[in-house]
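Q: The sequence and its predicted three-dimensional model are supplied below.
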There are 2 protein chains.
Amino acid sequence: MKQFSLNDLARMEKPQRVHFVNALSGFKSANIIGTADRKQNTNAAIVSSVFHLGSNPPLLGMILRPHSVARHTLENIDETGVYTVNHVGESFYQQAHQTSARYDRTQSEFDACGLTAGYVDGFHAPYVVESPLQVGMKLVEITPIQHNGTELVIGEVEWVRVAESCVKDDGFLDLAANNTVAVSGLDSYYRTERLARLSYAKPDQPLTELDLDGKKR
Amino acid sequence: MKQFSLNDLARMEKPQRVHFVNALSGFKSANIIGTADRKQNTNAAIVSSVFHLGSNPPLLGMILRPHSVARHTLENIDETGVYTVNHVGESFYQQAHQTSARYDRTQSEFDACGLTAGYVDGFHAPYVVESPLQVGMKLVEITPIQHNGTELVIGEVEWVRVAESCVKDDGFLDLAANNTVAVSGLDSYYRTERLARLSYAKPDQPLTELDLDGKKR
C-alpha cells in the first residue's frame, strides 16, 4: 500500500487530484436530473451525487455546484420547486454522460443527447423515458455547504415509476435486473453483478443469504 | 412501468417502504467507518451513505442516524475529531455487513466480525487492514438535517492508503481492480465490471472511450 498525505494531494496537478479524490468515496449512483424552467424549456444533467437521506419521509439528497454545468439544473429547481431523478441504464449511459457537456441555456440536453422527455400529469419536470426507474421530487430545501461553495439539495419523493417486475416481495428493488449502472470517479461506468442479499445482522448469529424476495435460501 | 404515489408508499408496511426507498438513489458506496473513543476502544460500522463533496479541499460527506447502530461511531467522531473511511472489498463483504449488528458499546466490531485494526502513526482512529483503500478523515462539521433527525458529517481527507497499481496516470483509481463492492438497498452487495471510461463531454463533439490511464483508445 502506498500512503498519500494531504501534501501529496496538494502537489498533484489539478485534473489528477480531481480524478483521485472523486474515487475516494467508492462507487457512486448515476442519475439524470430532469428539470424545466417556467417556460417549459427542458434540461437534463447527469449527476453522481444523489444519495439516500431517509425513508420516512422519503428523502433524497444531492450535491450541486452552482457554477458548474449543473447551474441550469439548480436554477430550474429553485424556480419551479420540482425535478426528477432518473437512473442511468446500460443502454444509454453514453448519452447520459453527454449531458455533462456545457450546452447553451436555450439548448435542451434531451434533444442534444437523444433522450426523450416524458411527463406525469400535473408534474412540471420531465422524466427520462429511457430510464428504468424515475422519481418525481419536490424540493424541500437548498442548503449551502460553506466549506466549498456547493449546494445540498434535499427533496421529497412524490412518485416513482418502475417496472413492476423490479419490485420484490419485501419492497427490495432489483436494480441489477434494470441494468442500472454505477459510476466511479468522473467518467468510469460499470455494470453490476449481485453477490448476495444478506440477512439482518445480529450479534452472535451467523448471516444467511436471502433470495431476491428477501426469504432465507 | 408501474407508478407509485406518495400515498402508495405510505400504505406499504414499514420494512417494505424502507427497502423500496433505500433503492431509489441507485447504487451506493460500501464503506466501513473506523473510530476509537478516547480510551482507544475501537468501533467499526458499515455505512452506505459516504459521498463525494469536493476535491479542493478534499471533502467527503456521510449521513448518520444518531439513534441507530451508528450511534457509537457518531459519538467517537464527535469525541476525537477523526475517523477512517475504508472501502469494502469482495473478500470480506459479509464481515463488513456483520458490523451492522447492534453490539454493546464495550464490544469492538473489529474483534466480533474478524476484521483487523491498523494504525497510521499519530492518527487516533484505526483503519481496516483488509480494506483495499483506506482514508484518514479529520472532522470538519456535524450538521443536523432538520427534516428527519439525521446528521450530515463532513470531513477532510488527511491521508489515503491504496495499492500503487490502483492509481492510474491521470489520477483515476481503478476500484474494480480493487474488488471494491457496491450496495443497493439495505442488504444487497455487488461486484462491478467496467463498461468504459468516457472522454470529457463537449457540445457537438462525439464521445470517445478512454483507457484506464485516461488516454484515447
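A: Okay, I see it.

Q: Give me the most central residue, chain A.
A: Among the residues of chain A, the one closest to the centroid is A:N31, at 3.2 Å (CA atoms, centre = their mean).

Q: Mind listing the residues bridging to that residue?
A: When bridges are called by DSSP bridges, A:N31 pairs up with A:V47, A:H87.

Q: what does A:A196 give?
A: B:Y189.

Q: How confident was the prediction at it?
A: If you check A:A196, the pLDDT there is 97.

Q: just the one 5 residues further on next, same as before
A: We have a pLDDT of 97 for A:A201.

Q: can you count the residues close to it?
A: A:A201 has 21 neighbours, counted by other CB atoms under 10 Å in any protein chain shown. Just so you know, the C-beta spots here come from the backbone N, C-alpha and C atoms, and that holds for glycine as well.

Q: Was I right to think it contacts B:A101?
A: Yes. Assessed by CB atoms under 8 Å, A:A201 is found in contact with B:A101 at 3.9 Å.

Q: between these two, what contacts are shared?
A: By CB atoms under 8 Å, 6 or more residues apart in numbering or on different chains, A:A201 and B:A101 have no common neighbours.

Q: where does chain A have low pLDDT?
A: Within chain A, not a single segment meets pLDDT under 70.

Q: what about the strands in it?
A: For chain A, applying DSSP state E gives strands covering A:2-5, A:28-29, A:31-36, A:42-47, A:51-55, A:58-64, A:82-87, A:117-118, A:127-128, A:133-145, A:150-162, A:182-184, A:188-198, A:209-210.

Q: For the third one, which helices and strands make contact with it?
A: To tie it back to what came earlier, the one meant is strand A:31-36. strand A:42-47, helix A:71-80, strand A:82-87, strand A:127-128 (3 or more CB pairs under 8 Å, 6 or more residues apart in numbering or on different chains; DSSP states H and E).

Q: Next up, the contacts around the residue nearest to the centre of chain A.
A: A:46-48, A:50, A:62, A:85-88, B:25-26.

Q: burial count for A:M12?
A: When neighbours are counted by other CB under 10 Å, A:M12 comes out with 16.

Q: In contact with it: list those residues for me.
A: A:M12 neighbours (CB under 8 Å, 6+ apart): A:20, B:171.

Q: sorry, back to before: how about the helices and strands packed on strand A:31-36 in TSV, adding mean neighbour count?
A: Converted to TSV, the helices and strands packed on strand A:31-36 look like this (neighbours: other CB atoms under 10 Å in any protein chain shown):
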stretch	mean neighbour count
strand A:42-47	24
helix A:71-80	18
strand A:82-87	27
strand A:127-128	26
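
Q: need those in a markdown table with distance to B:M1, can you?
A: Compiled in a markdown table, those are given as follows (distance: least, CB to CB, whole Å):
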| stretch | distance to B:M1 |
| --- | --- |
| strand A:42-47 | 18 |
| helix A:71-80 | 23 |
| strand A:82-87 | 12 |
| strand A:127-128 | 10 |
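
Q: Quick one: closest of those to B:G155.
A: With CB to CB as the measure, strand A:42-47 is the member of the helices and strands packed on strand A:31-36 nearest B:G155 (21.4 Å).

Q: Quick one: list the elements packing against that closest one.
A: strand A:31-36, helix A:71-80, helix A:109-112.

Q: So for A:P132, which of those sits nearest?
A: Taking the helices and strands packed on strand A:42-47 one by one with CB to CB, strand A:31-36 is closest: 11.5 Å.

Q: And that closest one, what's buried?
A: A:31-36 (16 or more other CB atoms under 10 Å in any protein chain shown).

Q: Any figure for the gap between the residue nearest to the centre of chain A and B:A176?
A: Distance from A:N31 to B:A176, counting by CB to CB, to the nearest Å: 20 Å.

Q: list the contacts for A:G26?
A: A:G26 neighbours (CB under 8 Å, 6+ apart): A:184, B:29-31, B:50, B:87-88, B:175, B:180, B:182.

Q: Look up the closest residue to it, ignoring the ones flanking it.
A: B:S29 (3.2 Å; CB to CB, 6 or more residues apart in numbering or on different chains).

Q: Run a quick neighbour tally on that neighbour.
A: 29.

Q: doesn't A:S25 make contact with it?
A: Yes. Judged on CB under 8 Å, B:S29 makes contact with A:S25 at a distance of 5.2 Å.

Q: and for the two, which residues touch both?
A: Common neighbours of B:S29 and A:S25 (CB under 8 Å, 6+ apart) are B:50-51.

Q: Run through the residues that contact the residue nearest to A:P144 when sequence neighbours are not counted.
A: Excluding the flanking residues, the one nearest A:P144 by CB to CB, 6+ apart is A:E151, at 5.7 Å. Each residue near A:E151 by CB under 8 Å, 6+ apart is listed here: A:63-66, A:74, A:142-145.

Q: Just the buried residues of those.
A: A:63-65, A:74, A:143, A:145.

Q: Is it possible to get CSV of the contacts of A:N31 that adds distance to B:M137?
A: Below are the contacts of A:N31 laid out as CSV (distance: CB to CB, whole Å):
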residue, distance to B:M137
A:I46, 27
A:V47, 23
A:S48, 20
A:V50, 22
A:M62, 21
A:V85, 27
A:N86, 31
A:H87, 29
A:V88, 29
B:S25, 22
B:G26, 24
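
Q: Just give me the closest of those to B:Y127.
A: Nearest to B:Y127 among the contacts of A:N31, counting by CB to CB, is A:S48 at 24.9 Å.

Q: Please name the nearest non-neighbouring residue to the closest one.
A: A:K28 is the one closest to A:S48 (CB to CB, 6+ apart), at 4.1 Å.

Q: Would you check that that neighbour makes contact with B:S48?
A: No. Counting by CB under 8 Å, A:K28 stays clear of B:S48, with 11.5 Å between them.

Q: Of those two, give the one with the bigger neighbour count.
A: A:K28 (28 against 25).

Q: what residues are up against A:L6?
A: By CB under 8 Å, 6+ apart, the contact set of A:L6 is B:58, B:156-159.

Q: Over to A:W159?
A: With CB under 8 Å, 6+ apart, A:W159 has these contacts: A:120, A:123, A:135-136, B:3-6.

Q: Nearest residue to it in space, please, no chain neighbours.
A: Nearest one to A:W159, counting by CB to CB, 6+ apart, is A:G136 at 4.3 Å.
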